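>>> predicted model and sequence below, questions to follow.
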Amino acid sequence: MNILRRLTATNSGLVPIILRLVLGLVMVPHGAQKLLGWFGGQGFEATIDTFQAMFGLPPAVTALVIVIEFFGGLALLAGVFSRLAALGLGAVMVGAVVTVHARNGFFMDWYGTQNGQGFEYHLLALGLATAVLLSGSGAFSIDRLIAHRVDAR
């Protein structure tokens, strides 16, 4: 099986659509905060500076995180190369937990009593990303169209 077929193969059900759309709908605005400064975010350069100052992340790593969150989310919404997007987003979520959020415990800081946000959000996103990685984009996706064309050859 060629690499294009492996990337685009998909379960044709509706559940993968729901999984990828929810993850995409969460990740696009999350990435847009960092990339474009939308939704109360800082924008690209300020995010790079903040991540370097607060977390010690090199600018190239932060830029990669921003690109994966925003464009990976868009890829999920379109259903194009969703497995690859889910893999990238899963890696970003693991990295966020390991470098920042694990030390703050499990829970988000809903009451302002912790030193930072826990990793419950990241765990949910990682679960969605894993499910998309395993199932593919589902019906009504560009991946499904590509897979059918590859199969027709």
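Nice, I can see it.
>>> distance of the most centrally placed residue in the chain relative to residue 46?
By Cα atoms, centre = their mean, the chain has its centre lying nearest to residue 89, at 3.0 Å. For residue 89, the distance to residue 46 (Cβ to Cβ, to the nearest Å) stands at 22 Å. No exception for glycine: its C-beta is placed from N, CA and C like everyone else's.
>>> who are the packing partners of the lengthiest helix in the chain?
Secondary structure assigned by DSSP state H gives helix 15-36 as the longest helix of the chain. With contacts taken as 3 or more Cβ pairs under 8 Å, 6 or more residues apart in numbering; DSSP states H and E, helix 15-36 sits against helix 44-55, helix 59-78, helix 82-96, helix 120-135.
>>> dihedrals phi and psi, the closest residue to residue 17 other than its chain neighbours?
Distance criterion Cβ to Cβ, 6 or more residues apart in numbering; nearest residue to residue 17, sequence neighbours excluded, is residue 138 at 3.9 Å. The phi and psi values for residue 138, taken as degrees, to the nearest 10, are phi 90, psi -180.
>>> distance of residue 138 relative to residue 38?
In this structure, residue 138 and residue 38 are 28 Å apart, going by Cβ to Cβ.
>>> pick out whichever of these two has more residues nearby.
Set residue 138 next to residue 38 and count neighbours by other Cβ atoms under 10 Å: residue 138 wins out with 23 against 13.
>>> residue 22 is in contact with that one, correct?
No: Residue 138 lies out of contact with residue 22 (Cβ atoms under 8 Å); the separation is 12.0 Å.
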